[in-house]
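Asker: compute the structure for the input listed below.
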Amino acid sequence: MTDKAVSGDWFLPAPTVEAGWLLLRRPEPDDSSALHDAVAASSEHLRPWMPWAANYTAEMAREFVQRNAAKPGNPPVPEASYLVWDRDRRLLGVCGLHARLGPGALEIGYWVDVRRTRRGVATLAAAALSELALAIAGVQAVEIHHDRANQASGAIPARLGYELVAMVADEPEAPAEAGVEMQWRMTLSGWPDSDGARLLQAARTATS
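Answerer: Reported below is the predicted structural model:
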């Protein structure tokens, strides 16, 4: 699927992305309870890196779902969040695309329910978002940024074949952060022969 680019940094996101045994889908109204449960169960796991996870409430989950749900007519957005589900309709985590790098590039973010970690969820979801981002007209690169101390997060772009292009001093925003942001990049020309593209194709083939 190829989405259309729009003026400025906004883009038109696909409502769903099939990724083999994973489905990435824009939030829907009935998803708030599952989202709150996933964050609550993962609070201790997420708080060192994501300050918003502290004292996460059901109302915060409802607001997130409402804010990120696909709108009628699929208007352009500066960011698009996806809930990640398995084939048994279990919520595994959240990922998203963000237009905050300037024209021609999008950034990927992700987190996984602590009860679903070490199964390749974030890696496969990030591969699917990489493909999606690079299919948008005008997008030439997609990036993944993480704090240097977050080695688990950093392992994902490395597995997908991203290139580490910069290490930038950054004011820590969460308790475990070291204050150095690692910036990884995948280009449009590099994606077809990347480990991420092969991983995504293998997952789709295995479940076709």
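Asker: where's the closest residue to Asp113 other than its chain neighbours, which helix or strand?
Answerer: Spatially, and ignoring its direct neighbours in sequence, Asp113 is nearest to Ala38 (4.3 Å; Cβ to Cβ, 6 or more residues apart in numbering). No exception for glycine: its C-beta is placed from N, CA and C like everyone else's. For Ala38, the element it lies in under DSSP states H and E is helix 32-41.
Asker: now do that helix: distance to the chain's middle.
Answerer: How far helix 32-41 lies from its chain's middle: 17 Å, per Cα atoms, centre = their mean, to the nearest Å.
Asker: residues contacting whichever helix or strand comes after it, please?
Answerer: Next along the chain after helix 32-41, taking DSSP H and E as the criterion, comes helix 43-46. Under the criterion Cβ atoms under 8 Å, 6 or more residues apart in numbering, residues Val39, Ala53, Ala54, Tyr56, Trp111, Val114, Thr117 lie in contact with helix 43-46.
Asker: now for those residues: which two are most distant?
Answerer: Ala54 and Thr117 (19.3 Å; Cβ to Cβ).
Asker: which one of these two is surrounded by more residues?
Answerer: Thr117 (16 against 11; other Cβ atoms under 10 Å).
Asker: give me the nearest residue to the more buried one, chain neighbours excluded.
Answerer: Using Cβ to Cβ, 6+ apart, the nearest residue to Thr117 is His45, at 7.8 Å.
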